[in-house]
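[1] Here's a sequence, model it:
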Amino acid sequence: MLTGKRLLSIVKFRGVRDIYRHVTTSWSPVGAAFNARQHKKLDLCEKNVGLFGVPALTSPGGFEIVQERALKETERLVERACNSPPGPLTVQTFDQLSDNLCKVADLADFIKVAHPDPAYRDAAEKTCVKIGTVVEKLNTNVDLFKSLKNLLDNKDIFATLDPETRRVAELFMFDFEISGIHLNEEKRKKAVSLNVHLLDLNNEFLIGSHLPNKIEKRVIPDHIHHHFTVDGSYIQIGGLHADCPDDLVREAAYKIFLYPNANLMQCLDELLVCRNELAQLVGYDSFAHRALKSTMMKTPENVMQFLTLLTERLSERTAKDFEMMREMKRKLNPKKAELMPWDHPYLSGVIRAERYNIEPSLYSPYMSLGSCMEGLNNLFTQLLGVSFQAQQPQKGEVWNEDVRKLAVVHEEEGLLGYIYCDFFHRPDKPHQDCHFTIRGGRLMESGEYQLPVVVIMLSLPHPSKTAPTLLTPSMMENLFHEMGHAMHSMLGRTRYQHVAGTRCATDFAEVPSILMEYFATDFRVVSQFARHYQTGQPLPKSLVARLCESKKFCGAADTQLQVFYSALDQIYHSKSQDRSTTDIMKEMQEKFYSLPYVPNTAWQLRFSHLIGYGAKYYSYLMSRAVASMVWKQCFVKDPFDREMGERYRREILAHGGGMEPRLMVQGMLQTCPSLKDFVDALVSDLNLDFETFIMDSES
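    Now for the predicted structure:
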């Protein structure tokens, strides 16, 4: 680990005023780095250091080189793990084995979706497949399993291990057990077969869930054809068009896009049966029981209790929200006033905009990308003693010239890690906001700390000739959200990369990122950086207040929609059902979401989160509840409270997944919350009077 302060090279921009003639605000180096186009002098003699500084990755062929090196090192580590006596070295070796493969697989997993060059994407994809195959073999390696089991079965030696090491050992064992390695040979072969089949089904469902549906043009009224993609005599509909003001467009999109596909329906049925069979084969009552074992909630029974209690608490407010939407629909379309599922997203937005005038163009001039990054830098400096330092990437280090590189530096501990900021839109780049771990932190055998490396991917507009990139409030909030993930990775200091940063329980992983959303909508935080890019005038307090209050309108209905999705996910992954997935959905929609089911639709076939979040879709609600409690109890009085910031790092961020999530929450809140407390936190968010809270906090 690096200690003490370390000077890093900083990119210096000599005056943004020269670039934007009408900009009157001066920026720090961090703000300037993001408010200007990145220009680098061409140096023909500069050495290509390879993607992320990996020397072999100067060309697509380099993936085969790093892959083969990793596989050779894997052989050495497997041999050491199998031949070492039970003790701390066993866990350390398993973690080194994981790290050795993850450093290649995680990097390749990012490059296969983000690199603009198809040759790099293809090479990365092949590496992902190769490493994935090796991982599957390791998960069924009986000698490796026995080595770890010998440690866990030796109670005397296991008791001498520190809590983090014991937890990591148990997590590795859980990974083995869900592969069925502890079973007899016949059952183990069956488990392997089910896992292989599941990989195919997962891929088939993911692809199918995003494919458009076709319908003959003559079926759709001529005057709405231009809203969709025309393909000869057919129209393709690839989404719900939820924001379209035309009722007929929304209705057509909903009914056609969600029209059942028999092949995909069969795929989902097989997938759910296969998951349940595998879970029962390895000793669990259902797939949900298996999936939830290492989460905060622990069991599907707890999840359903949480969702049911939340529904009860929201029922009156949800009914009022839907009545407001009905009134708005009667006002907009008196001839067809029944509230339908395709109306909810659009009408809730209309109500917010009408009541609060939250037109994004009112906010964007105050939220240049550079000012927002400056705001994040100032917040982290005050709260955690951490600052960003912009670095010029070396030749070949980044995959696009628009990517910025930040060194994250602690005022006492020195360099903590690197964040690569891939913020701007480009062709073929996924249109999503996300955080990628490229390399997890861990304590190495040398005693030094392996510094984490992450990427934040956004899809923001480029700066123009006359203005920097200007963010809407939702873009700004998403930036803060993803930076919460990044700082989780940066500030974690776990001994093992297997539990570094965001590698924690699914229903806890979003806590740091959602907490950042609270900072992003607090006027005391926003006022430090939101200023007009031309005049330098600060963002009026009333605009922030209106934005925060607007989120409460229809907030209960929006939350209830997430409850419905979460309940559906739970029931699909509970014990085998004798009903179709559509019949289950109808029942859950009636119980948890009062808008009517539309005949001949199958929304579940578009529920792609069933793959990555199977039985854990509720996690976002749970993480929001925890973040809300942390905000209200620890930061609402003073969002810059350094003492609370240090507690937050010590009790939550530092542990990654190396501690039980409930223990981290208990350490932060200094109490053990109940299910009712989590529900209360979500409900109180909808009732919070923003202006009162501001006055109370300032008094």
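
[2] now do the same end-to-end measure for stretch 215-235.
    Taking CA to CA, to the nearest Å, stretch 215-235 runs 5 Å from one end to the other.

[3] If you could redo that for stretch 245-265, that was the one I meant.
    Counting by CA to CA, you get 31 Å between the two ends of stretch 245-265.

[4] and if you look at stretch 111-119?
    One end of stretch 111-119 sits 11 Å from the other (CA to CA).

[5] Buried ones in it, by neighbour count?
    Of the residues in stretch 111-119, Ile111, Lys112, Val113, Ala114, His115 count as buried by neighbour count, 16 or more other CB atoms under 10 Å. All C-beta spots, glycine's among them, are computed from the backbone N, C-alpha and C.

[6] Then stretch 278-287?
    Applying a neighbour-count criterion of 16+ other CB under 10 Å, one finds Leu278, Ala279, Gln280, Leu281, Val282, Tyr284, Ser286, Phe287 buried in stretch 278-287.

[7] one step back: and the buried residues of stretch 111-119, which is closest to Ser459?
    Ser459 has its nearest neighbour among the buried residues of stretch 111-119 in Ala114, at 11.3 Å by CB to CB.

[8] Hmm, Gln432 and the closest one touching each other?
    No. Look at Ala114 against Gln432 with CB atoms under 8 Å: they stay out of range, at 10.6 Å.

[9] Mind listing the shared neighbours of the two?
    Taking CB atoms under 8 Å, 6 or more residues apart in numbering as the contact rule, Ala114 and Gln432 both touch Met457.

[10] Angles on the backbone of Arg442, please.
    phi -170, psi 160 (degrees, to the nearest 10).

[11] Can you get me a residue count around the closest residue to it other than its chain neighbours?
    Nearest residue to Arg442, sequence neighbours excluded (CB to CB, 6 or more residues apart in numbering): Gln497, at 3.9 Å. By other CB atoms under 10 Å, the residues close to Gln497 number 27.

[12] same for the longest helix along the chain, what does it pack against?
    Ordering each helix of the chain by length in residues (DSSP state H) puts helix 300-332 first. Judged by 3 or more CB pairs under 8 Å, 6 or more residues apart in numbering; DSSP states H and E, the packing partners of helix 300-332 are helix 287-291, helix 344-356, helix 555-572, helix 619-630, helix 675-687.

[13] Outside of stretch 557-568 itself, list whatever touches it.
    303-304, 307, 310-311, 314, 318, 321-322, 325, 344, 348, 584-585, 588-589, 591-593, 604, 607, 609, 617-618, 620-621, 682, 686.

[14] Report the mean per-residue pLDDT for it.
    Summarised as a single mean, pLDDT over stretch 557-568 is 97.

[15] list the contacts for the closest residue to Ser594 other than its chain neighbours?
    Closest residue in space to Ser594, ignoring its immediate chain neighbours: Phe322 at 6.6 Å, by CB to CB, 6+ apart. Phe322 makes contacts with Leu339, Ala557, Ser594, Leu595, as judged by CB under 8 Å, 6+ apart.

[16] Need the mean per-residue confidence for stretch 414-423.
    For stretch 414-423, mean pLDDT rounds to 98.

[17] I meant to write stretch 484-493 there.
    The average pLDDT for stretch 484-493 rounds to 96.

[18] swap in stretch 594-612?
    Stretch 594-612 shows a mean pLDDT of 95.

[19] Give me the distance between it and the centre of its chain.
    Counting by CA atoms, centre = their mean, to the nearest Å, stretch 594-612 is centred 22 Å from the centre of its parent chain.

[20] Between the two ends of it, how far is it?
    Using CA to CA, the end-to-end distance of stretch 594-612 comes out at 27 Å.

[21] Please identify the buried residues of that stretch?
    Residues of stretch 594-612 classed as buried by neighbour count (16+ other CB under 10 Å): Leu595, Val598, Thr601, Ala602, Trp603, Gln604, Leu605, Arg606, Phe607, Leu610.

[22] What of stretch 132-142?
    Neighbour-count burial for stretch 132-142, counted by 16+ other CB under 10 Å, picks out Val134, Val135, Leu138, Asn139, Thr140, Asn141.

[23] quick one: the fifth one from Leu71, how far?
    Thr140 sits 17 Å away from Leu71, going by CB to CB, to the nearest Å.

[24] now swap in the fourth one and tell me
    For Asn139, the distance to Leu71 under the criterion CB to CB works out to 16 Å.

[25] Could you do the third one as well?
    When distance is defined by CB to CB, Leu138 is 11 Å away from Leu71.

[26] where exactly do the strands run in this structure?
    213-216, 229-231, 234-237, 386-391, 404-410, 414-424, 434-439, 442-443, 449-450, 453-460 (DSSP state E).

[27] Partner strands of the last one, with direction?
    Meaning strand 453-460. Here strand 453-460 is paired, per DSSP bridges, with strand 414-424 (parallel), strand 434-439 (antiparallel).

[28] what does the fourth one give?
    In its sheet, strand 386-391 lies beside strand 404-410 (antiparallel), with partners assigned from DSSP bridges.

[29] Only alpha carbons, please: show the partner strand as PDB.
    C-alpha atoms of strand 404-410 as PDB (Å, rounded to 0.1, in the frame of the first residue of the first chain):
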ATOM      1  CA  ARG A 404     -10.500  10.700 -19.300                       C
ATOM      2  CA  LYS A 405      -8.300   9.200 -16.600                       C
ATOM      3  CA  LEU A 406      -8.600  10.100 -13.000                       C
ATOM      4  CA  ALA A 407      -6.200   9.200 -10.200                       C
ATOM      5  CA  VAL A 408      -8.000   9.000  -6.900                       C
ATOM      6  CA  VAL A 409      -5.700  10.300  -4.100                       C
ATOM      7  CA  HIS A 410      -6.200  10.300  -0.300                       C
END
